[in-house]
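>>> structure, please.
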Amino acid sequence: MKKILFVCHGNICRSPMAEFVMKDLVQKAGLTDQFHIASAATSREEIGNPVYPPARRKLAEHGISCAGHAARQLTRQDYADYDFLVGMDSANLRDMHCICGGDPDGKISLLLDHTARPGNVADPWYTGDFQATWLDVMAGCQGLLAEFAGDFPKRSV
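Presented below is the predicted three-dimensional model:
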């Protein structure tokens, strides 16, 4: 079983979008029993809060539910519990390394590193552009799933 934890700043926009998009892709591929997928925040600001309404609406536009989500913070134990910790931007990556005490096993990556256009996932909290974030998240999740399916060579860590 592959255990994936998506991480962003508050765990109310980008990382839950990635969590639920990936769950949807995995389910449609008939691989649900081969994955455990969740999300977390690097900050404590939104702990306990649901998915931000515009992000929830964007998921719903594509028939994806995020019901029951409550923001939580990344912990050092998550590094041991998950096989892949996938951040949304370089600031998240820096914070993930601090919280996890580094990345000795090469488990931490950026979502868009799993695509042909590496970089940061657009942050809709600041831009208001949830469509751009949707496109980034979908591309990243599809790329990550394709890596697991063997469609692309594994990225070097």
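>>> what sits up against stretch 55-65?
12-14, 16-17, 20-21, 24, 50-51, 66, 124, 130-131, 133-134 (C-beta atoms under 8 Å, 6 or more residues apart in numbering). (Each C-beta comes from the backbone N, C-alpha and C, glycine too.)
>>> from the residues you listed, which would you call buried?
Listed as buried from those are 12-14, 16-17, 20-21, 24, 50-51, 66, 124, 130, 133-134; burial here means 16 or more other C-beta atoms under 10 Å.
>>> tell me where the protein has strands.
2-8, 35-41, 84-87, 108-110 (DSSP state E).
>>> return the most buried member of those.
The densest packing among the strands of the chain, expressed as mean neighbour count by mean count of other C-beta atoms under 10 Å, is seen in strand 84-87 with a mean of 26.
>>> any stretches of this structure with poor pLDDT?
Per-residue confidence for the chain (pLDDT under 70) gives these ranges: 150-157.
>>> what lies in contact with the lengthiest helix in it?
Of all the segments assigned as helix in the chain under DSSP state H, the longest by residue count is helix 130-149. Identification of contacts with helix 130-149 by C-beta under 8 Å, 6+ apart yields 2, 4, 13-14, 17-18, 21-22, 25-26, 29, 54-55, 57-58, 62, 84, 86, 111-112, 114-117, 121-124, 127, 152, 154-155.
>>> stretch 13-21 too?
In contact with stretch 13-21 (C-beta under 8 Å, 6+ apart) are residues 6-8, 37-41, 51-52, 55, 58-59, 64-66, 69, 71, 86, 88, 111, 121, 123-125, 133-134, 137-138, 140-141.
>>> run the last query once more with 6 Å
Residues external to stretch 13-21 that are found in contact with it (C-beta atoms under 6 Å, 6 or more residues apart in numbering): 6-8, 37, 39, 51-52, 55, 59, 64, 66, 69, 88, 121, 124-125, 137-138, 141.
>>> do the same with stretch 79-86
Residues lying outside stretch 79-86 but in contact with it, judged by C-beta under 6 Å, 6+ apart, are 2-6, 100, 107-109, 111.
>>> can you tell me how far the nearest residue to T127 once chain neighbours are set aside is from M1?
Spatial nearest neighbour of T127, chain neighbours left out: T133 (7.9 Å); criterion: C-beta to C-beta, 6 or more residues apart in numbering. Separation of T133 from M1 (C-beta to C-beta, to the nearest Å): 28 Å.
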